[in-house]
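1. Following is a predicted model, sequence given first.
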Amino acid sequence: QQKIQDQSRLSALNINLGVIHLHLGQYEKAEEYYYKGLNLASEMGNLRWKAIIYNNLGVMYKDKGEWEKSVGFLEKSLKIREQYGDRRGMLSAFDNLGVTFLSQGQLDKALEYVEQSFDLCRQIGAQDLLPIIQTDLGEVYFRLNQTEKGFNLLHAALVLATEKSSRLTIGITKRTLGRFYLSLKNYKNAETMLQESKTIFETLGSRFQLAQTLESLGFCLTLMAKEEGPGDKDRLMQKGMDSLEQTVKILSDLNFEKRLIAMAENIRAQHLESELTVIINEIEKITGRSQADQSSDECRMVQAPAKA
């Protein structure tokens, strides 16, 4: 009995250390502690701890851009939580799965999971989680071009987060609103929201969240520069470049290679290759992945035979 109690405490300690290192941006150490905790939880047969660690590993791999690993762990977490009727844990797993699918552009799946999380959140009265889930659902809707619905959810989420003084959620919601305005080419409002989000994450010391905001801010400023006259164009372009260079540095420091590759793809999707050639070259230097490599991959994918 004492051994089980000691293992349980040690497993909990490893989970907490993993969370701390994740927030510090020390993902390798976080991964190490999560797996230590998972091994102990498995030895004890403690499914509750396993569900928590599976969820945390899923979030960690989502941040790193390792989508398949993320979905795999989140689905394991959800299965255990459904088995035990842990509704609060289920809504967390639903939301994290939705955000992971959203990051991959799988909007229908993202909507399915985030809506389930939102409905469950209201059913059980989890008011502390409502702002972030509303933010995620708002982003799904605006990505689906349901503009009014998305904006209403994002605005409500920001009001709730501000009332609860949750700075992390405020930062995420303001970034999402910034992206919303950016999609509408309302660059001034987008810049305001993204600058405020940047300030919050700089204060919190949340490097990955800061990198995401800096990337969106860099795109915003670069797109603004393309529409400005000669007077402001160079200044905005340089600010945009500075923001994106900071993003590359943070993601490189975190060893988030897949996120860097996705960033280069985003630059091309925004048709900013000519303006941001320096950024693309820096990413390719870090990742060793050129446009030719990507074209070759696409050819191999097309030619690959279908599996039965």
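-> Received, thanks. Numbers count the residues shown, from 1 in each chain.
2. in the protein, what spans have low per-residue confidence?
-> Within the chain, the segments meeting pLDDT under 70 span 1-6, 229-231, 289-308.
3. Longest helix of it, counting residues only.
-> Identified as the longest helix of the chain according to DSSP state H is helix 230-253.
4. Can you spell out which helices and strands pack onto it?
-> Under the contact definition 3 or more CB pairs under 8 Å, 6 or more residues apart in numbering; DSSP states H and E, helix 230-253 sits against helix 207-227, helix 257-269, helix 277-287. Just so you know, the C-beta spots here come from the backbone N, C-alpha and C atoms, and that holds for glycine as well.
5. Pipe those into CSV and attach distance to residue 97 and mean neighbour count per row.
-> Below are the helices and strands packed on helix 230-253 laid out as CSV (distance: least, CB to CB, whole Å; neighbours: other CB atoms under 10 Å):
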stretch, distance to residue 97, mean neighbour count
helix 207-227, 19, 23
helix 257-269, 18, 18
helix 277-287, 27, 17
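6. Turn those helices into TSV, columns for distance to residue 69.
-> Putting the helices and strands packed on helix 230-253 into TSV (distance: least, CB to CB, whole Å) gives the following:
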stretch	distance to residue 69
helix 207-227	16
helix 257-269	11
helix 277-287	18
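7. Report the separation between the nearest residue to residue 278 once chain neighbours are set aside and residue 248.
-> By the measure of CB to CB, 6 or more residues apart in numbering, the closest residue to residue 278 outside its immediate chain neighbours is residue 241, 7.0 Å from it. According to CB to CB, to the nearest Å, residue 241 stands 10 Å off from residue 248.
8. Next: residue 96.
-> From residue 96 over to residue 248 the distance is 26 Å, taken as CB to CB.
9. which ones are touching residue 270?
-> Residue 270 makes contact with 219, 222-223 under the criterion CB atoms under 8 Å, 6 or more residues apart in numbering.
10. can you check residue 262 too?
-> Under the criterion of CB under 8 Å, 6+ apart, the contact list for residue 262 reads residue 65.
11. please begin residue numbering at 19 from this point
-> Sure thing, new numbering starts at 19, so read that last one as residue 280.
12. thinking again about what came up before, what about the residue nearest to residue 296, neighbour count?
-> When neighbours are defined as other CB atoms under 10 Å, residue 259 has 18 of them.
13. SS state for residue 163?
-> Recorded secondary structure, residue 163: coil (DSSP: H, G, I helix; E, B strand; the rest coil).
14. Report how many residues lie close to it.
-> Counted with other CB under 10 Å, the neighbours of residue 163 add up to 10.
15. So which elements touch the helix or strand where residue 87 lies?
-> Here residue 87 sits within helix 85-102, counting by DSSP states H and E. Judged by 3+ CB pairs under 8 Å, 6+ apart, helix 85-102 is in contact with helix 65-82, helix 105-121.
16. Keeping just the C-alphas, turn it into CSV.
-> Only the C-alpha atoms of helix 85-102 are listed here, as CSV (Å, rounded to 0.1, in the frame of the first residue of the first chain):
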residue,chain,number,x,y,z
TRP,A,85,-0.2,16.2,-35.6
GLU,A,86,-0.4,12.4,-35.8
LYS,A,87,1.2,11.9,-32.4
SER,A,88,-1.0,14.6,-30.9
VAL,A,89,-4.2,13.0,-32.2
GLY,A,90,-3.1,9.5,-31.1
PHE,A,91,-2.5,10.6,-27.5
LEU,A,92,-5.6,12.8,-27.3
GLU,A,93,-7.8,10.0,-28.5
LYS,A,94,-6.3,7.7,-25.8
SER,A,95,-7.0,10.3,-23.2
LEU,A,96,-10.6,10.7,-24.4
LYS,A,97,-11.3,7.0,-24.4
ILE,A,98,-10.2,6.6,-20.8
ARG,A,99,-12.2,9.7,-19.7
GLU,A,100,-15.3,8.5,-21.5
GLN,A,101,-14.9,5.1,-19.8
TYR,A,102,-14.9,6.8,-16.3
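17. tell me the angle of that helix relative to helix 65-82?
-> 150 degrees (axes from the mean of the first three to the mean of the last three CA atoms, to 10 degrees).
18. Check what contacts helix 85-102 and list those residues.
-> 65-66, 68-70, 72-73, 75-80, 104, 107-108, 111-112, 114-115, 118-119, 121-122.
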